[in-house]
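Colleague: output the structure for:
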Amino acid sequence: MITIAGAGLAGLACALELARRGAQVRVFDPGHAPGDRSVARYAGGMLAPWCERESAEEEVITLGAQAADWWAEVTPVTRRGTLVVTPPRDRAELQRFARRTAGFRGVDGDEIASLEPALAGRFSQGLFFEQEAHLDPRRALRDLTATVQELGVEIIYGTPAPSGVTLDCTGMASPVEGLRPVRGEMAILHCPEVQITRTLRLLHPRMPLYLVPRGDGHYMIGGTMIESSSTRAISLRSLSELLSAAFALHPGFAEASVVETGAGLRPAFADNLPRLVQQGDTLHLNGLYRHGFLLAPAMAARAADHLISETSHEPDRQRATA
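Modeller: Numbering: from 1, shown residues only. Presented below is the predicted three-dimensional model:
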């Protein structure tokens, strides 16, 4: 029996990979429902390895390239790419973004209007990352929970994990050294008047914005990365900047209803890449940072391979690769 601490994104992804390899798995979580204590519920759900390369290592592309296919076996995945735009005054930001990324083609105002008619006449240049995708994080967590349970994984809610579990996936609650919290803030808007069908990124020198469709006129907006351990609600400054950026994308968002706001602490190591760390008899998977849904599949497969094969390699001394 393999025991896992944490029924969040990392713990459930590992449970799935282990169950697929024939292992018996038991997961412990102090929460009371799928993902209700997981920082992943505040995620954008973007499966965008080429865009993320702008501020991350090449390994993010390597690890995340197959994430959309992995998730498509579990939950609906929208494969409509990512459209990156910027106001004319910030065109230098678009050029900088293009230099640091790959997997895109440049688009002019006419093609932007063709891709997203709601943006017609608003932006004259952009980048289109056609291979990227997105999903609904909360539905994905529910669907992932149902999938692992169908494979025989036992999830025990309302119960802290006992000492000496096989695998620890508890994020900022983990005893692994070197973790730091990176605070992310978000809001969910309801604006059926604006029809956007794919992930949009609006580049801005102070705070880039991403907007992800959630269906039925709902959109998730985010973009903050704050080095902080504060668990307070989203700040007025951050919310104002997010809403202002949404208005810059389309003035119709001025009439949007703010359905929800939230903030979560994302665990990260110094290099912002995830790691497997062996401490005693427990393997730790941690440091998914802002790339949880993108990198969890590859990291979970790596953790499962390690636990099933019981090899003697030292995963805490190397970065994980696919």
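Colleague: avg pLDDT for the one helix or strand Q95 maps to?
Modeller: Applying DSSP states H and E as the criterion places Q95 in helix 91-100. Taken as a whole, helix 91-100 carries a mean pLDDT of 93.
Colleague: chain center to that helix, what's the gap?
Modeller: For helix 91-100, the distance from its own C-alpha centre to the chain's C-alpha centre is 23 Å (CA atoms, centre = their mean, to the nearest Å).
Colleague: next structured bit after it?
Modeller: strand 105-108.
Colleague: for that next one, packing partners?
Modeller: In this structure, strand 105-108 makes packing contacts with strand 125-129, judged by 3 or more CB pairs under 8 Å, 6 or more residues apart in numbering; DSSP states H and E. All C-beta atoms are positioned from the backbone trio N, CA, C, and that covers glycine.
Colleague: how is this structure carved up into domains?
Modeller: Domains of the chain are assigned by automatic domain parsing as 2-52+135-176+271-317, 82-130+180-268.
Colleague: endpoints of the last one, how far apart?
Modeller: End-to-end span of domain 82-130+180-268 (CA to CA, to the nearest Å): 25 Å.
Colleague: quick one: average pLDDT of the longest helix anywhere in the chain?
Modeller: If you go by DSSP state H, the chain has its longest helix at helix 292-309. The average pLDDT within helix 292-309 is 95.
Colleague: would you mark the buried spots in it?
Modeller: Buried residues in helix 292-309, defined by neighbour count with 16 or more other CB atoms under 10 Å: 292-304, 306-307.
Colleague: what do you get for stretch 252-266?
Modeller: Using 16+ other CB under 10 Å as the test for burial, stretch 252-266 gives 252-253, 256, 261-266.
Colleague: then stretch 183-200?
Modeller: For stretch 183-200, the neighbour count (16+ other CB under 10 Å) marks 183-191, 194, 196, 198-200 as buried.
Colleague: so of those residues, which two are at opposite extremes in space?
Modeller: The span of the buried residues of stretch 183-200, defined through CB to CB, is set by R183 and V194 at 27.7 Å.
Colleague: host element of E111?
Modeller: helix 109-115.
Colleague: residues in contact with the nearest residue to R26 once chain neighbours are set aside?
Modeller: Spatial nearest neighbour of R26, chain neighbours left out: E154 (4.6 Å); criterion: CB to CB, 6 or more residues apart in numbering. Contacts for E154 (CB atoms under 8 Å, 6 or more residues apart in numbering) come out as 25-27.
Colleague: direction included, what does the helix or strand bottoming out on mean pLDDT in the chain pair against?
Modeller: Lowest on mean pLDDT, DSSP states H and E among the helices and strands of the chain sits strand 226-227, with a mean of 79. Partners of strand 226-227 in the sheet, by DSSP bridges, are strand 180-190 (antiparallel).
Colleague: so what's the gap between the partner strand and the chain middle?
Modeller: For strand 180-190, the distance to the chain centre is 11 Å (CA atoms, centre = their mean).
Colleague: now do the following helix or strand past it: everything it contacts.
Modeller: Where DSSP H and E defines the elements, the next helix or strand beyond strand 180-190 is strand 199-202. Applying CB under 8 Å, 6+ apart, the contact partners of strand 199-202 are 44, 46, 48, 51, 80-86, 116, 132, 134, 208-213, 245, 248-249.
Colleague: what does stretch 93-104 give?
Modeller: Contacts for stretch 93-104 (CB under 8 Å, 6+ apart): 49-51, 53-55, 61, 84-86, 106, 125-132, 203-205, 208.
Colleague: let's go with 7 Å and repeat that
Modeller: Outside stretch 93-104, the residues that touch it by CB atoms under 7 Å, 6 or more residues apart in numbering are 50-51, 53-54, 84, 86, 125, 127-129, 131, 203-205.
Colleague: including neighbour count and distance to L16, could those go into a markdown table?
Modeller: Converted to a markdown table, the contacts of stretch 93-104 look like this (neighbours: other CB atoms under 10 Å; distance: CB to CB, whole Å):
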| residue | neighbour count | distance to L16 |
| --- | --- | --- |
| W50 | 21 | 25 |
| C51 | 27 | 26 |
| R53 | 19 | 26 |
| E54 | 19 | 29 |
| V84 | 27 | 32 |
| T86 | 25 | 38 |
| Q125 | 18 | 41 |
| L127 | 23 | 33 |
| F128 | 20 | 32 |
| F129 | 22 | 27 |
| Q131 | 16 | 24 |
| L203 | 22 | 35 |
| H204 | 18 | 37 |
| P205 | 11 | 40 |
